[in-house]
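>>> generate a structure from the sequence data that follows.
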Amino acid sequence: MCVRSCFQSPRLQWVWRTAFLKHTQRRHQGSHRWTHLGGSTYRAVIFDMGGVLIPSPGRVAAEWEVQNRIPSGTILKALMEGGENGPWMRFMRAEITAEGFLREFGRLCSEMIVESCMEGICKPDPRIYKLCLEQLGLQPSESIFLDDLGTNLKEAARLGIHTIKRQGFAVLPKLVSNSWAQAIYPPYPPKVVNDPETAVKELEALLGFTLRVGVPNTRPVKKTMEIPKDSLQKYLKDLLGIQTTGPLELLQFDHGQSNPTYYIRLANRDLVLRKKPPGTLLPSAHAIEREFRIMKALANAGVPVPNVLDLCEDSSVIGTPFYVMEYCPGLIYKDPSLPGLEPSHRRAIYTAMNTVLCKIHSVDLQAVGLEDYGKQGDYIPRQVRTWVKQYRASETSTIPAMERLIEWLPLHLPRQQRTTVVHGDFRLDNLVFHPEEPEVLAVLDWELSTLGDPLADVAYSCLAHYLPSSFPVLRGINDCDLTQLGIPAAEEYFRMYCLQMGLPPTENWNFYMAFSFFRVAAILQGVYKRSLTGQASSTYAEQTGKLTEFVSNLAWDFAVKEGFRVFKEMPFTNPLTRSYHTWARPQSQWCPTGSRSYSSVPEASPAHTSRGGLVISPESLSPPVRELYHRLKHFMEQRVYPAEPELQSHQASAARWSPSPLIEDLKEKAKAEGLWNLFLPLEADPEKKYGAGLTNVEYAHLCELMGTSLYAPEVCNCSAPDTGNMELLVRYGTEAQKARWLIPLLEGKARSCFAMTEPQVASSDATNIEASIREEDSFYVINGHKWWITGILDPRCQLCVFMGKTDPHAPRHRQQSVLLVPMDTPGIKIIRPLTVYGLEDAPGGHGEVRFEHVRVPKENMVLGPGRGFEIAQGRLGPGRIHHCMRLIGFSERALALMKARVKSRLAFGKPLVEQGTVLADIAQSRVEIEQARLLVLRAAHLMDLAGNKAAALDIAMIKMVAPSMASRVIDRAIQAFGAAGLSSDYPLAQFFTWARALRFADGPDEVHRATVAKLELKHRI
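Have a look, this model is predicted:
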């Protein structure tokens, strides 16, 4: 019902809900008393909420009537219907519910549909008309009947119904569906009308008010955006040659955020006016004269644009320059998910959008006289400078991401750019579509158009693909299932464009997206600045202050992705060297003038320095990651630490080779709290499809926290060897391999193992591996003897990542390959579980295994034959950071237990904490932990900036330092505990065992020392 939509308007619901919540909260805070500063004894203020706390419902209803062309006072009249016994008063007395009120109120003013097929009677049977009158509760003389057949009209007229005959066209689509469209008129022969406009006018004359549908996406003109009607009407009469004395209708389009846009109706002419906003404007912004010129030129080139009529640069008419064009009726899709359409229709809409963009970019500049519409070449550099300038002019506070982008964008400009007409703001809601066909009737809003790089338009048209559906200014589809909707993904949309234009796909797509979101952020900041002075026309303008930061962070995400892409393509022919001198190049905000750089980032790659400073404390993390850290800390304290005794008992029980039910329960709780799959680095998963999208530095802090418990990594699905295997699949796996293996691992439904180490050879040198992989028909046949295969004994282990030799005669580092081996494949024989200092590490354990004639399909090969060494090295990069940060977690927990122990124990007449040797041990442990942590964080930071390869030296150093440091710190704690430290009552014995084992597990200390020494000699000589 029409009236239901008024009472359910979002604005009215919001203000009522807000007032109710505040009222409820204050009720629970108790009764407060106060005394006025002037000494008054007044203790209460009594008022009506409507018009005081919230806008008056009458005012909201009046605005709704104006917007929907409903006669003024209709809602109020209906509310008063029935007096004290009417639905409104009964609702106010709580005699009926809100739904009951709407039902009764609706009957006072409702539309009604009678379907012949449902009633079993049809026109011209008089019973159908009587049924309508009966359901309406009206007499024949109180109604009007429209039809195109004389026989139908004749029967209606016999009953006394007023009739109008229409001639084969639709009238009702032009009408507002209102119940109050009944009137009292005597019957007479039907009046025949020959066009819809005449029919509408006839009805309006009979009823005494307008029936035309309100113009979509319009509202009454805001007080601050009003324009003088008299001078505008005089101007339009002169322009159009109109002599009418009728009134000028004026409405404001609600989606004009930059140049205010108005709908005008004058003497049956539907027009649109766009003007510059009032007040002091930013330089070169709001150039409506350029809009007028481009649309006039493109109309001659076959580009669908509105028909422009005149440009008025005389500010005396309405206060600012403006232009007038004809109104183009059609559909504007403000929701990019296109609700209510079929998937095939949605796809056709996006295809039409893509096609019209290609048409714009194919315009012959000379043929339409636009060769001087903008500067030729260097479009992106000029745009970056322009938007930086616009942003600085409207800046109200410092936004870190904007500062980084301002530094980053000029350093990563595209090398080659084409020059075409560019729209500058090309997106779905700037297009007018045919009501029934997927056809673009007009492209609107050419304010930002110029000559430039067409790829900027393509990227800009994909903004919605990366924004959430809740984003208030530019609604997005990032959280929608595009496949189910039928909407092409951004990548497919871009390929579609390249195919139509005959262009190869660009490699630096992420740059164009970063630039596009940077522009949006600058625009939003300008809108926000104008909203502070009441100059912005959008209803969302005041919200844009917060949105600017959100969008700038999105832009920076794309900049990071582009940096990773560039880094991967860099030829590292020269080793990276460390700089120990003061920086001489232009200073970054992240490095104060005169500071010393110990980073291994080459100075020739300033892009790598743009990601920010080293975060050494969890409290210095970004707000979302800091919140994640504290959530994890709370989870550890409330869930994990209390469960450790039961989990340890399970590991020592007869059921130890089966997973603990408590572990599985904790996993579900961690997943529910968003503490799941935190390990995948942003560099490996830039789209954040699989993990939390954390950098190595960010995850390092969380990994240390998880490392304070032996069980937390598995609880959060962040434990080895699964983490390395999942990253291997993300980096190198095919889509089929990911579907079969990666998804179950990510969901925690499966476990995995990595089979490389062999008993016959020194496996610290991966090139020594002897297990064979032999090709046979459509299979690979595996034979080999492996041991220390962590996790292979777990009944949940479904995948073995196997490393063996495919070609013993190939170059030394091209002999190995990696295969994905299902654990249920015949020929896999587990010989025995191995123990570490007597610990079995159930249920996963560490197994000795033989692979005898194990046949694996060829499609299970990862990346291709001979790529095994490369894969093994790539797999171990972030994993090395993980082990080291967990070791620091071990050490922190050990030191915490040691401090608590020595405070509570007495020896030789005084507390242990007062013994000099104990104090010295505590001090030494704290120093060593802090030193190791800084070194590990530095390595993580370098991996984030320049990649794993560039961080080779730092990774080798932390592998030398962290296990040995942890062994010493844990040993001191055990010493402070005495014999209890050796028992399973505390985690110290297990901590010590794994700290010692990790001096082998990730490569022996000797290998890492050799690596550090070689790089040191190479870099220093």
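>>> quick one, helices of the stretch 651-800 of the chain?
Here the stretch 651-800 of the chain has its helices, by DSSP state H, counting those that start in this stretch, at 661-672, 696-706, 712-715, 722-732, 735-737, 743-746.
>>> so which residues make contact with the shortest one?
Okay, so that is helix 735-737. Contacting residues not belonging to helix 735-737 are listed as Leu729, Leu820, Glu859, Asn860, Val862 [C-beta atoms under 8 Å, 6 or more residues apart in numbering]. Every residue, glycine included, has its C-beta placed from N, CA and C.
>>> nearest spatial neighbour of the first one, skipping sequence neighbours?
To tie it back to what came earlier, the one meant is Leu729. Nearest residue to Leu729, sequence neighbours excluded (C-beta to C-beta, 6 or more residues apart in numbering): Leu742, at 4.2 Å.
>>> again, but for the last one
Excluding its sequence neighbours, the residue lying closest to Val862 (C-beta to C-beta, 6+ apart) is Val818, at 4.3 Å.
>>> number of nearby residues for the one you found?
29 (other C-beta atoms under 10 Å).
>>> next: the one 10 residues further on.
For Ile828, the number of neighbouring residues by other C-beta under 10 Å comes to 19.
>>> repeat that for the one 3 residues further on.
Burial measure for Ile831: 12 neighbouring residues, criterion other C-beta under 10 Å.
>>> that one contacts Val849, correct?
Yes. At 6.4 Å, Ile831 counts as touching Val849 under the criterion of C-beta atoms under 8 Å.
>>> ok so, going back, now, which of the contacts of helix 735-737 lie within helices?
The helices, defined by DSSP state H, take in Leu729 from the contacts of helix 735-737.
>>> buried subset of the contacts of helix 735-737 as a PyMOL selection?
Remark: buried members of those, expressed as a PyMOL selection using 16 or more other C-beta atoms under 10 Å:
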select buried, resi 729+820+860+862
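>>> got a markdown table for the contacts of helix 735-737, with distance to Thr419 and pLDDT too?
A markdown table is the format used below for the contacts of helix 735-737 (distance: C-beta to C-beta, whole Å; pLDDT from 0 to 100):
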| residue | distance to Thr419 | pLDDT |
| --- | --- | --- |
| Leu729 | 43 | 92 |
| Leu820 | 49 | 97 |
| Glu859 | 46 | 95 |
| Asn860 | 49 | 96 |
| Val862 | 44 | 94 |
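>>> flag the shaky bits of the stretch 401-550 of the chain, pLDDT-wise.
Applying pLDDT under 70 to the stretch 401-550 of the chain flags residues 533-545.
>>> report the buried residues of stretch 358-372.
Result for stretch 358-372 [16+ other C-beta under 10 Å]: buried residues Cys358, Lys359, Ile360, His361, Val363, Leu365, Val368, Leu370.
>>> alpha carbons of that stretch, as PDB, please.
Listed next in PDB are the C-alpha coordinates belonging to stretch 358-372 (Å, rounded to 0.1, in the frame of the first residue of the first chain):
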ATOM      1  CA  CYS A 358      34.000   1.100 -25.900                       C
ATOM      2  CA  LYS A 359      32.000   3.400 -28.100                       C
ATOM      3  CA  ILE A 360      33.100   6.400 -26.100                       C
ATOM      4  CA  HIS A 361      36.700   5.300 -26.300                       C
ATOM      5  CA  SER A 362      36.400   4.800 -30.100                       C
ATOM      6  CA  VAL A 363      35.300   8.400 -30.900                       C
ATOM      7  CA  ASP A 364      37.300  10.100 -33.600                       C
ATOM      8  CA  LEU A 365      38.500  13.300 -31.800                       C
ATOM      9  CA  GLN A 366      39.100  15.300 -34.900                       C
ATOM     10  CA  ALA A 367      35.800  14.400 -36.500                       C
ATOM     11  CA  VAL A 368      33.800  15.700 -33.600                       C
ATOM     12  CA  GLY A 369      36.100  18.700 -32.900                       C
ATOM     13  CA  LEU A 370      37.400  17.500 -29.500                       C
ATOM     14  CA  GLU A 371      41.100  17.300 -30.300                       C
ATOM     15  CA  ASP A 372      41.700  20.300 -28.000                       C
END
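>>> need the contact partners of that stretch.
Contact with stretch 358-372 is made by 294, 297-298, 300-303, 373, 420-423, 426, 443, 451, 454, 457, 497, 500-501, as judged by C-beta under 8 Å, 6+ apart.
>>> mind checking which of those residues are in strands?
The strands, defined by DSSP state E, take in Thr420, Val421, Val422, Val443, Leu451 from the contacts of stretch 358-372.
>>> my read is that the fourth one contacts Val305, right?
Same thing as Val443. Yes. At 5.7 Å, Val443 counts as touching Val305 under the criterion of C-beta under 8 Å.
>>> how much space between the residue nearest to Leu729 and Val422?
Plainly put, Leu742 is 40 Å away from Val422 if you go by C-beta to C-beta, to the nearest Å.
>>> just Arg656 next, same as before
For Arg656, the distance to Val422 - C-beta to C-beta - is 66 Å.
>>> between those two, who's got more neighbours?
Higher neighbour count among Arg656 and Val422: Val422, with 25 against 16, using other C-beta under 10 Å.
>>> report the beta-bridge partners for the more buried one.
Judged by DSSP bridges, the bridge partners of Val422 are Thr450.
>>> report the separation between it and Ile318.
Val422 is 30 Å from Ile318, by C-beta to C-beta.
>>> confirm Ala393 sits in a helix?
Yes. Read with DSSP: H, G, I helix; E, B strand; the rest coil, Ala393 is one of the residues of a helix.
>>> re earlier: any chance of the ones in strands among the contacts of stretch 358-372 in TSV, plus distance to Cys716?
Shown next, in TSV, are the ones in strands among the contacts of stretch 358-372 (distance: C-beta to C-beta, whole Å):
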residue	distance to Cys716
Thr420	50
Val421	52
Val422	47
Val443	49
Leu451	53
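>>> tell me which of those residues is nearest to Tyr327?
Val443 (14.9 Å; C-beta to C-beta).
>>> got a list of what that closest one touches?
So Val443 contacts Val303, Pro304, Val305, Val356, Ile360, His423, Phe426, Asn430, Leu431, Val432 (C-beta under 8 Å, 6+ apart).
>>> recalculate using a threshold of 10 Å.
The neighbours of Val443, taking C-beta atoms under 10 Å, 6 or more residues apart in numbering as the test, are 295, 298, 303-306, 353, 356-357, 359-360, 423, 425-426, 430-432, 449.
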